[in-house]
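Undergrad: give me a 3D structure for the following:
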Amino acid sequence: MNQASPPLVVNSVIEGIAWPGVPTTEGAALLAILFQLDTTQWWTPDQILRRQRDQLQQLLSHARAHVPFYRERLRNIADLPGGDSWLTVWRRIPPLLRAEIQAVDADDIMVAQVLPPGHGELREIFTSGSTGKPIRSVRTQLWELIWGAFTVRDHLWHRRDLNGTFAAIRESDKGKALYPDGTTAPSWGYSSATIVSTGPMVSLNVATPVEQQAEWLYRNNPDYLLTHPTIARRLADHCHARGIRPERLRQVITIAENLRPEVRAACRAAWNTPVVDIYSAREVGYIALQCPEFEHYHVQSEGVFVEVLDDSGAPCAPGEVGRVLVTPLHNLGMPLIRYDIGDHAEVGEACPCGRGLPVIRRILGRTQNMLLMPSGERRWPLLSSDSIEAMLKLAPAIRQYQFVQKEMDLIELRLAVATPLQLDEESALTTWIQTKFAYPFRVAFVYLDAIPSTEAGKFADFVSEVGACPTIDKRAGSAGETVRG
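TA: Predicted coordinates:
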């Protein structure tokens with residue numbers, strides 16, 4: 001593994017053997033996958049594509065034979081030929097939409113009737129429904145083992161000391177991981193503990209008020225913090241304003257939402273820590289991990305086949321933004337072939353780090369996060385760090401913000417403020433919105449004590465409710481709201 005990383009000391013289950021460690025059967029399988037990942041990350045893109053083609057052919061053959069949903073869908077799709085021409089055949093398969101999965105869920109026709117030996121039992125999970133359309137997914141034990149390998153790869157890529165304390169503010173179930181204690185586990189999780197000893201993991205519920213989050217974080221003094229970007233930003237700002245700095249904190253890891261540039265800046269200002277982002281989805285696993293050397297992402301091509309396509313269905317070139325299709329390579333329990341996950345991303349150039357894994361420069365989010373212009377065109381709001389900084393200079397009292405397109409020509413600006421805004425500040429913000437979004441939108445101001453996230457703790461700084469399924473939490477009209485239109 002990476003020579004700059006802390007040593008990976010494998011647990012031994014054989015009496016009389018302390019080192020080198022001899023792991024359990026499952027641990028040995030996990031290490032075998034990691035051994036390969038350590039090599040394949042340096043393969044050329046062509047080498048990676050050839051092996052992806054081999055695994056995709058296995059997936060197609062299994063789905064056609066054993067998954068009722070795909071018998072008809074793949075009826076006219078030939079086997080993938082060798083050479084570069086296989087991609088032409090592959091792209092004849094229609095993208096799989098969430099609505100299609102939901103429509104056949106009750107009939108169970110997307111679940112394999114037979115699994116090959118070695119794939120284990122089926123496990124059922126549900127997505128969080130951040131698009132307003134939660135889905136049921138079924139995955140195999142083997143797929144979960146491979147998920148675990150990418151979890152460990154992320155730790156190794158980012159040189160984490162596995163002996164440290166890992167903190168997580170992501171538990172969203174009511175009544176779990178409650179302040180002041182939260183919960184404590186003896187290891188970082190099943191994936192890591194399968195092969196190595198780790199330090200403890202402490203967890204706290206996402207619904208905990210920020211003041212209590214800060215106290216809990218300082219008291220536990222972890223080496224690493226895993227949470228949602230908006231929680232990290234709010235917590236970092238709170239700590240920065242009060243000089244709260246856990247001495248051991250070395251890294252913030254973000255999941256579940258689009259990472260805004262200002263989150264990285266806030267964590268550096270408050271704790272002098274970098275942010276490492278993860279792009280994943282429960283139904284497909286790890287999609288891309290942040291590069292160990294740069295802030296863009298590497299597609300985890302050994303586990304997923306990712307396509308970023310333009311409006312015509314053609315692959316996007318570096319610098320272009322397109323919709324993301326994901327095919328998990330190893331989940332034969334419920335294959336998701338060319339699954340339109342609902343996200344858009346920008347393709348990046350080859351990475352200077354030397355890894356052949358494809359690069360995603362930015363993850364731009366879902367269609368609901370796009371501004372619908374009166375012309376019918378959809379645009380990304382592109383709320384960069386510089387643009388938000390300019391907005392906050394117009395009204396320094398703003399503590400939280402969210403833009404919601406309520407009607408074709410109406411933007412609702414939801415604000416939590418330290419002190420009430422003056423009419424001239426509202427006027428300046430209206431002008432800023434009209435300039436930023438390049439249209440004379442009407443602007444309605446809604447004031448809240450705090451801008452709520454979804455029940456899963458997620459948050460979007462821009463949401464369009466026009467021509468798309470809303471993602472705004474219906475708790476927005478909570479106590480403390482005032483509206484000025």
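
Undergrad: low pLDDT regions in the stretch 101-250 of the chain?
TA: 128-134 (pLDDT under 70).

Undergrad: need the helices for it, in chain order.
TA: 141-157, 190-193, 210-220, 229-242 (DSSP state H, counting those that start in this stretch).

Undergrad: show me what counts as buried in the first one.
TA: Buried residues in helix 141-157, counting neighbours by 16 or more other CB atoms under 10 Å, are found at 142-157. Just so you know, the C-beta spots here come from the backbone N, C-alpha and C atoms, and that holds for glycine as well.

Undergrad: what's the mean pLDDT across the helix or strand hosting Ala65?
TA: Using DSSP states H and E, Ala65 falls within helix 45-66. Mean per-residue pLDDT for helix 45-66: 97.

Undergrad: got a list of contacts for that helix?
TA: 40, 70-71, 74-75, 77, 79-80, 82, 86, 90, 112-116, 301-302, 305, 327, 329-330, 332, 335, 337, 350, 356-358 (CB atoms under 8 Å, 6 or more residues apart in numbering).

Undergrad: check which helix or strand covers the residue most central in space within the chain.
TA: By CA atoms, centre = their mean, the chain has its centre lying nearest to Tyr279, at 3.4 Å. Using DSSP H and E, Tyr279 maps to strand 275-281.

Undergrad: tell me what the following helix or strand past that strand is packed against?
TA: Downstream of strand 275-281, the first helix or strand assigned by DSSP H and E is strand 285-290. Counting contacts by 3 or more CB pairs under 8 Å, 6 or more residues apart in numbering; DSSP states H and E, strand 285-290 is packed against helix 141-157, strand 275-281, strand 297-299, strand 304-309, strand 321-328.

Undergrad: got the contact list for strand 285-290?
TA: Contacts of strand 285-290 (CB under 8 Å, 6+ apart): 143, 146-147, 150-151, 153-154, 157-158, 276-281, 296-300, 303-304, 306, 324, 326, 328, 331, 341, 360, 363.

Undergrad: what's the PyMOL line that selects buried ones from these?
TA: Applied in PyMOL, the following selects the buried portion of the contacts of strand 285-290 according to 16+ other CB under 10 Å:
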select buried, resi 143+146+147+150+151+153+154+157+158+276+277+278+279+280+281+296+297+298+299+300+303+304+306+324+326+328+331+341+360+363
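
Undergrad: wait, Pro6 touches Leu162, no?
TA: Yes. Pro6 is in contact with Leu162 according to CB atoms under 8 Å; the separation is 6.6 Å.

Undergrad: which one of the two has more residues nearby?
TA: Leu162 (23 against 15; other CB atoms under 10 Å).

Undergrad: how many neighbours does the closest residue to that one other than its chain neighbours have?
TA: Excluding the flanking residues, the one nearest Leu162 by CB to CB, 6 or more residues apart in numbering is Thr198, at 4.5 Å. Thr198: 21 surrounding residues under other CB under 10 Å.

Undergrad: hang on, Thr198 packs against Asn163?
TA: Yes. Counting by CB under 8 Å, Thr198 touches Asn163, with 6.8 Å between them.

Undergrad: list the buried residues for the helix holding Ala65?
TA: So for helix 45-66, counting by 16+ other CB under 10 Å, buried means Ile48, Leu49, Gln52, Arg53, Leu56, Gln57, Leu59, Leu60, His62, Ala63, Arg64, His66.

Undergrad: for Val13, find the nearest of the helices and strands packed on strand 285-290.
TA: helix 141-157 (17.1 Å; CB to CB).

Undergrad: got the angle for that closest one vs strand 275-281?
TA: 170 degrees (axes from the mean of the first three to the mean of the last three CA atoms, to 10 degrees).

Undergrad: show me how far helix 141-157 is from its chain's centre.
TA: 15 Å (CA atoms, centre = their mean, to the nearest Å).

Undergrad: packing partners of it?
TA: Against helix 141-157 (3+ CB pairs under 8 Å, 6+ apart) you get helix 25-40, helix 190-193, strand 285-290.

Undergrad: can you list contacts of that helix?
TA: 1-2, 5, 8, 26, 29-30, 33-34, 37, 118-121, 123, 162, 188-192, 194-195, 276, 278, 285-286, 289, 291-292, 300, 303, 328, 330-333.

Undergrad: now list the buried members of those residues.
TA: By 16+ other CB under 10 Å, the contacts of helix 141-157 give 1, 5, 8, 29-30, 33-34, 37, 119, 162, 188, 191-192, 194-195, 276, 278, 285-286, 289, 291-292, 300, 303, 328, 330-333 as buried.

Undergrad: helix or strand: which one has Glu257?
TA: Going by DSSP H and E, Glu257 is not in any helix or strand.

Undergrad: right, and it touches Ala232 too?
TA: No. If you go by CB under 8 Å, Glu257 and Ala232 don't touch, sitting 9.7 Å apart.

Undergrad: Leu336 and Ser312, how far apart?
TA: 23 Å (CB to CB, to the nearest Å).

Undergrad: how about Arg323?
TA: For Arg323 relative to Ser312 (CB to CB), the value is 11 Å.

Undergrad: Ile388 too?
TA: Taken as CB to CB, the span from Ile388 to Ser312 is 33 Å.

Undergrad: give me the more crowded residue out of the two.
TA: Remark: of Ile388 and Ser312, Ile388 carries more neighbours, 17 against 6, as counted by other CB under 10 Å.

Undergrad: what residues does the helix or strand harbouring that one touch?
TA: Following DSSP H and E, one finds Ile388 within helix 385-394. If you take CB under 8 Å, 6+ apart as the criterion, helix 385-394 is touched by Arg260, Pro261, Glu262, Ala265, Ile398, Tyr401, Glu425, Ala428, Leu429, Trp432, Lys436.

Undergrad: let's see 6 Å
TA: Helix 385-394 is contacted by residues Pro261, Glu262, Ile398, Ala428, Leu429, Trp432 when judged by CB atoms under 6 Å, 6 or more residues apart in numbering.

Undergrad: buried ones in it?
TA: In helix 385-394, counting by 16+ other CB under 10 Å, buried: Ile388, Met391, Leu394.

Undergrad: which among those residues gets closest to Glu247?
TA: Distances from Glu247 to the buried residues of helix 385-394, taken by CB to CB, are shortest for Ile388, at 30.1 Å.

Undergrad: give me the mean pLDDT for stretch 306-318.
TA: The model assigns stretch 306-318 a mean pLDDT of 96.

Undergrad: list the buried residues of that stretch.
TA: Val306, Glu307, Val308, Leu309, Cys316.

Undergrad: and these, which two are the farthest apart?
TA: By the measure CB to CB, Val306 and Cys316 form the most distant pair in those, at 11.2 Å.

Undergrad: before we move on, back to that, between the helices and strands packed on helix 141-157, which one is closest to Ala167.
TA: Taking those one by one with CB to CB, helix 190-193 is closest: 14.8 Å.

Undergrad: quick one: contacts of the closest one?
TA: Contacts of helix 190-193 (CB under 6 Å, 6+ apart): Gly148, Thr151, Val152, Ser187, Thr198.
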